[in-house]
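Just need the structure, nothing else, for what follows:
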Amino acid sequence: MSATQPSQDTQMPRVFRQLLVNTLITGVTSTFLWFALTFWVYLETRSVVATGVIGGAFSISSAVLGPFFGTFVDRHRKHTALLLTTAASLVCFTIATGVFLAVESSHLLRLTSPWFWVLALATLLGSVAGQMRSIALSTCVTLLVPDGQRDRANGMVGMTTGVSFAITSVFSGLVIGTLGMGWAYYGALVLTAVALVHVATISIDEAEPEPAEAGARPWDVDVRAAIDAIRAVPGLKMLILLAACNNLLAGVFMSLMDAYGLELVSVEAWGLLWGFISLAFIAGGLAVARYGVGRVPLRAVVAGNLVNWAICSIFAVRSSIVLLTIGMVVWLTLIPVIEAAEQTILQRAIPFARQGRVFGFAQLVENAASPLTAFLMAPLAESVFMPFMTDGGGARWIGDWFGTGPDRGLALMFTIAGVLGVAATVRAWTSRSYRVLAVGTAVAVEPAAAGPLAECAA
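Next up is the predicted model:
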């Protein structure tokens, strides 16, 4: 089955369903180990800076490696790309496990120890390699699924991500709280090996990929082709910049949410709570898989972002695990809707031969934003906002109704980020780029329309 002549069968192709199963296995492994490492480091060191650096390192690594892997995906078979990422994860997790076993925890948990950073780096690269699969999987949706069903296929991908997130949220907290970090590494090794064997058995019917340009070396990164493809579609740059802005602000939550939550409940309760909250992610993915993202996918992107940032503006006004839970449930319900709509727009707008590079470049632009805030916000929280709301000016000015203490400093940062997110979304919604891309997307969604947006970028 080709991307240009898809089957009209209403059932998702069997190969696509197999890839979803494999994605579930690798998603569980990558997210589980990274969650476990973050929990473990914070509980052992009580350092917000350490967890912020770890969280930021994940996103910045994904950003830097995105264009490399996107170029590789376009120039190689998709099955080869999936095998490569899984094998890379297995090698990295093996190295991390070896360091964990060889170095005593008293030395390993010193932030000045090189062994700590070797452990973190190996775990990071293994987890990022697993996440790089998303680029190949997005191109596989175009390759394997008919155009009219791709939004639903993207919803199934989001649902799978939610299931893996729910599983890992529960078990990472329980494992760290009861068994220890060692068992997290042992489990990751086993699951990654299973995923590698499984993906090797999957056969994807695909044509030879577009050859590299004359004189290009295997390790060259082709960013220009991605930029040219994005420029060829009116309004598409706005969508990518909006996602980058959202990720920039999301860096505040990425670097501080675990510290905030662990101030309210125990690590076991926090893990179980995330498992429960992750059901909302699954529900959002199921809704997209069943109903799609509507006639105008861009409208779903903007509406979802507007609701999410409004929620982020208010869920931390009190030190309440209930309010935090409600806010995160709404957030995670809408994330798969937003992401499925974004993926659907890109899959329709960009020629198949360039999609890997465009997805990789988009990942660079979007994910490079959040580490900037993650690296900045953790030290800023410890040195400015937490003292500000404990015994500083903030405690005196708004402490009577907002509350006082270190956790209220974190809460204030969440509220400010939410307000800025609302402003950025409204600005995008009222822009000319939004109107142009929305009209183009609506035409592309209609089966009887003159043609998909891909024709504009050809």
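
Run through the helices of the stretch 201-350 of the chain in chain order.
Counting by DSSP state H, counting those that start in this stretch, the stretch 201-350 of the chain has helices at residues 223-231, 236-264, 267-291, 297-314, 321-349.

If you drop the residues flanking it in sequence, what lies closest to I338?
Excluding the flanking residues, the one nearest I338 by Cβ to Cβ, 6 or more residues apart in numbering is G304, at 4.2 Å. (Glycine included, C-beta is placed from N, CA and C.)

where does E213 land on pLDDT?
Looking at E213, its pLDDT reads 64.

what's the answer for T161, then?
If you check T161, the pLDDT there is 76.

Equivalent analysis for the one 3 residues further on, please.
Residue-level confidence at S164 comes out at 77, pLDDT.

go on, G275?
pLDDT for G275: 70.

ok, and the closest non-adjacent residue to R77?
Among residues not flanking R77 along the chain, E206 sits closest, at 5.8 Å (Cβ to Cβ, 6+ apart).

and what of W183?
Counting by Cβ to Cβ, 6+ apart, V175 is the residue found nearest to W183 once chain neighbours are left out, at 5.4 Å.

my read: the one you found touches Y186, true?
No: using Cβ atoms under 8 Å, V175 is not in contact with Y186, being 9.8 Å away.

neighbour count winner among these two?
Taking neighbours as other Cβ atoms under 10 Å, V175 and Y186 compare with V175 leading, 25 against 16.

from what I can see A310 touches T415, true?
No: the pair A310 / T415 is not scored as a contact, 11.3 Å apart, by Cβ under 8 Å.

ok now do V163, which residues does it touch?
By Cβ atoms under 8 Å, 6 or more residues apart in numbering, V163 lies in contact with L24, S278, I282.

Kindly recompute the last result at 7 Å.
The neighbourhood of V163, defined by Cβ atoms under 7 Å, 6 or more residues apart in numbering, consists of L24, I282.

Report the inter-axis angle for whichever strand or helix holds it versus helix 297-314.
For V163, the host element (DSSP states H and E) is helix 150-174. Calculated by axes from the mean of the first three to the mean of the last three Cα atoms, to 10 degrees, helix 150-174 forms an angle of 30 degrees with helix 297-314.

buried stuff in the next helix or strand after helix 150-174?
As assigned by DSSP H and E, the chain's next helix or strand after helix 150-174 is helix 181-200. For helix 181-200, the neighbour count (16 or more other Cβ atoms under 10 Å) marks 181, 184-189, 191-193, 195-196, 199 as buried.

Quick one: mean pLDDT for helix 181-200?
What helix 181-200 shows for mean pLDDT is 89.

what's in contact with it?
Residues outside helix 181-200 that contact it (Cβ under 7 Å, 6+ apart) are 22, 25-26, 28-29, 32-33, 36, 40, 82-83, 86-87, 89-90, 93-94, 96-97, 100, 172, 175-176.

State the distance from the closest residue to A269 other than its chain neighbours to I167.
Excluding the flanking residues, the one nearest A269 by Cβ to Cβ, 6+ apart is G173, at 7.8 Å. Using Cβ to Cβ, to the nearest Å, we find G173 at a distance of 12 Å from I167.

cool, T71 as well?
Going from T71 to I167 by Cβ to Cβ gives 32 Å.

Could you report the pLDDT at the nearest residue to D407 once chain neighbours are set aside?
Once flanking residues are discounted, D407 sits nearest to E263: 4.6 Å by Cβ to Cβ, 6+ apart. Looking at E263, its pLDDT is 79.

State the number of residues packed around E263.
For E263, the neighbour count with other Cβ under 10 Å is 13.
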